[in-house]
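In: Need a 3D model of the following:
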Amino acid sequence: MSTLRKVIALAPMPPEKSAYALARYSRSPDSIEESLRWVHEHSSERFWEQFYFAYGHGSIADLGHVTICFENITELAAIHIEDEPLWDGQAKSSRYQNFTKTGVFIPPEIKNSSAETSFLRIAGQLTLAYDSFYEVVNAYLLQCTPRPESMQVSSYDRTMQARTLDVTRYFLPLASYTNVGQVVSIRTLEKQISRLLSSHIPELVAIGEELVSACRASPVNIWSELEGGNHVSNEPLAPTLARYAKAQPYYQDTMADLTQVVCERLRFEKIEPADSVELFEPHHPLDELVATLLYRVSQYSYRQILQAVESWEEHTKNEIVEMSLRRRGPHDELLREFHSGYAFVFDILMDVGGWRDLHRHRRCQQIPQGFTTAHGYEIPKEFEQAGLDTRVRKTFDGVLEAIDGLQDVSASVKSYLLPFASRMRCLFKMDFAEAEYISRLRTGVKGHASYRRIGWLMKERLAERYPFLGDQIRATHPNVEDTLTR
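Out: Reported below is the predicted structural model:
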């Protein structure tokens, strides 16, 4: 056996076969070259059926990765696709691309109905505003920030376009079309497929089915064609995964159970006002778990729910936890809500567009609530500075009222019409390292004003509770601006 040290980079392979080769490599004395030759002569599908799907050795699926692109999906679907803790990817940027010509998605469940006409009318108001306000906002920003002689015209134009789109994107509805590219392990892909197939939103179910079809087919190999390669593999991407991936209703069924608990036990007269960012003092793990489970399926603040939960008998709390486990199958992971015990728990209320950027942070636990008109909307200061405040508010007031007035349509259909300006709640649980990272990164002058404010408030709330730790966060105050840095 050779003891000569080597570092070997392998060319891309079908993900199920590369994972098989690396799994065998860890369990045999053979070199990687010998393992690859062995795997080439043996059935990888039989290996996957036995060790992954039958025995549940989940870690081997982390060894194979795929690149998948989703084109012409909605912003709403993109949010659900990206909602994976172990996920790498990017969506089409609403800062650097103009969405004027993308159009909007019409949910299949309302096509050829009276609701479709109302849906298109509301979506049309938003897309028209997105387009028509662009020139006015852009002219105002150009006037306020003339080009320095040292700055190239092309760089200046790109920067000012980005600043303008930062403002007008508040009109974009979640029905807007976008693209998402992702690089994930096939373990994450399986979870993603199961989650999409289990959704109550038809678009997500359809995307899940199309993902299964993509796994059955051979991948697009454009790069090899461009390089003039003579050998293009026709092997399917992940055939075993495609055969076994299926809907797992544990999550959706449990959410329905918890929604019933909210209706029966949280009989609040109204949603109490709350700050944009609230940091919670340590509290009992059982109270945290129960409050988090109910937070997901309500529109109340974490504070309002926690106060109610803390007053309940312990057996009542235990029943809710037991209920959230009742439908769990042998291969279902615990709900994300069970990831409790973090020292820093923030309840954040902010606009959907800004939250889309914070949603990228994956070294924390995020529990978003459903999209709603209940919390109103936020608009950037540039509208008021440009003299557009009244017109903009009239547009958003009319749109939210029209969404609330839609009859005989589901909450998911209404969600498609919510603009980026609409506000939502999300619970963020993290350690200090992630709190420091988010506050420092998201308050930088290159960032969007919305999440810069939230990042700064996170630092302030932390400093109020733990002054020394707060002082260690090198965040930038939102009043510090560099308008030509993007």
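In: Assign a three-state SS to the closest residue to residue 94 other than its chain neighbours, would you?
Out: What sits nearest to residue 94 in space, not counting adjacent residues and going by CB to CB, 6 or more residues apart in numbering, is residue 169, at 4.4 Å. For every residue, glycine as well, the C-beta is placed using N, CA and C. For residue 169, the assignment made with DSSP: H, G, I helix; E, B strand; the rest coil gives helix.
In: What's the local residue count around residue 169?
Out: Applying other CB atoms under 10 Å, we find 23 residues neighbouring residue 169.
In: ok, now the one 5 residues further on?
Out: Here the count is done by other CB under 10 Å, and residue 174 has 25 residues near it.
In: mind checking pLDDT for residue 437?
Out: pLDDT for residue 437: 97.
In: okay, how far is it across stretch 260-270, tip to tip?
Out: 18 Å (CA to CA, to the nearest Å).
In: same deal with stretch 142-158?
Out: 12 Å.
In: what do you get for stretch 268-281?
Out: 23 Å.
In: if I pick the residue nearest to residue 94, what's in contact with it?
Out: 94-95, 99, 130, 353, 420 (CB atoms under 8 Å, 6 or more residues apart in numbering).
In: next one: residue 344
Out: 279, 429-432, 434-435, 462.
In: Please report phi then psi for it.
Out: phi -120, psi 110 (degrees, to the nearest 10).
In: From residue 412, how far out is it?
Out: Separation of residue 344 from residue 412 (CB to CB, to the nearest Å) stands at 32 Å.
In: In helices, which of the contacts of residue 344 fall?
Out: Applying DSSP state H to the contacts of residue 344, the entries found in helices are 432, 434-435, 462.
In: which of those residues sit farthest apart?
Out: 434 and 462 (11.5 Å; CB to CB).
In: Same drill for the two, tell me which one is more crowded.
Out: residue 462 (24 against 18).
In: you'd agree the more buried one is up against residue 431?
Out: No. Residue 462 lies out of contact with residue 431 (CB atoms under 8 Å); the separation is 11.8 Å.
In: quick revisit: could I get the contacts of residue 169 as a markdown table with neighbour count and distance to residue 11?
Out: Putting the contacts of residue 169 into a markdown table (neighbours: other CB atoms under 10 Å; distance: CB to CB, whole Å) gives the following:
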| residue | neighbour count | distance to residue 11 |
| --- | --- | --- |
| 94 | 23 | 36 |
| 95 | 15 | 35 |
| 99 | 22 | 38 |
| 130 | 22 | 44 |
| 353 | 24 | 40 |
| 420 | 25 | 41 |
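In: I'd like the C-alpha coordinates of the lowest-mean-pLDDT helix or strand in the chain written as CSV, please.
Out: The weakest-scoring helix or strand in the chain, judged by mean pLDDT, DSSP states H and E, is helix 44-47 (a mean of 74). Output of helix 44-47 as CSV, limited to C-alpha atoms (Å, rounded to 0.1, in the frame of the first residue of the first chain):
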residue,chain,number,x,y,z
SER,A,44,-25.4,2.4,-7.6
GLU,A,45,-29.2,2.1,-7.5
ARG,A,46,-29.0,-1.1,-5.5
PHE,A,47,-26.6,0.6,-3.1
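In: Give me the below-cutoff pLDDT ranges for the stretch 201-350 of the chain.
Out: 229-233 (pLDDT under 70).
In: Need the phi and psi values for residue 361.
Out: Taking degrees, to the nearest 10 as the convention, residue 361 sits at phi -80, psi 120.
In: so who does it touch?
Out: Residue 361 touches 428, 434, 437-438, counting by CB under 8 Å, 6+ apart.
In: Taking the residues you listed, tell me the two that lie furthest apart.
Out: 428 and 437 (12.1 Å).
In: Comparing the two, which shows the higher neighbour count?
Out: Ranked by neighbour count (other CB under 10 Å), residue 428 and residue 437 place residue 428 first, with 24 against 17.
In: In contact with the more buried one, which residues?
Out: Residue 428 neighbours (CB under 8 Å, 6+ apart): 345-348, 358, 361, 364-366.
In: So which elements touch the lengthiest helix in the chain?
Out: Criterion DSSP H: the longest helix present in the chain is helix 114-144. Contact here means 3 or more CB pairs under 8 Å, 6 or more residues apart in numbering; DSSP states H and E; on that basis helix 114-144 packs against helix 153-168, helix 381-385, helix 389-404, helix 411-417.
In: Those helices: which one's closest to residue 109?
Out: Among these, helix 411-417 sits nearest to residue 109 (CB to CB), with 6.6 Å.
In: Using neighbour counts, pick out the buried residues of the closest one.
Out: 412-417 (16 or more other CB atoms under 10 Å).
In: now those residues as JSON lines including distance to residue 215 and pLDDT?
Out: Shown next, in JSON lines, are the buried residues of helix 411-417 (distance: CB to CB, whole Å; pLDDT from 0 to 100):
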{"residue": "412", "distance to residue 215": "26", "pLDDT": "95"}
{"residue": "413", "distance to residue 215": "29", "pLDDT": "97"}
{"residue": "414", "distance to residue 215": "32", "pLDDT": "98"}
{"residue": "415", "distance to residue 215": "28", "pLDDT": "98"}
{"residue": "416", "distance to residue 215": "27", "pLDDT": "98"}
{"residue": "417", "distance to residue 215": "32", "pLDDT": "98"}
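In: would you turn those residues into a markdown table with distance to residue 424?
Out: Compiled in a markdown table, those are given as follows (distance: CB to CB, whole Å):
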| residue | distance to residue 424 |
| --- | --- |
| 412 | 15 |
| 413 | 17 |
| 414 | 13 |
| 415 | 10 |
| 416 | 14 |
| 417 | 14 |
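In: ok so, going back, go through the ones in helices among the contacts of residue 344 and say which is closest to residue 311.
Out: residue 462 (27.6 Å).
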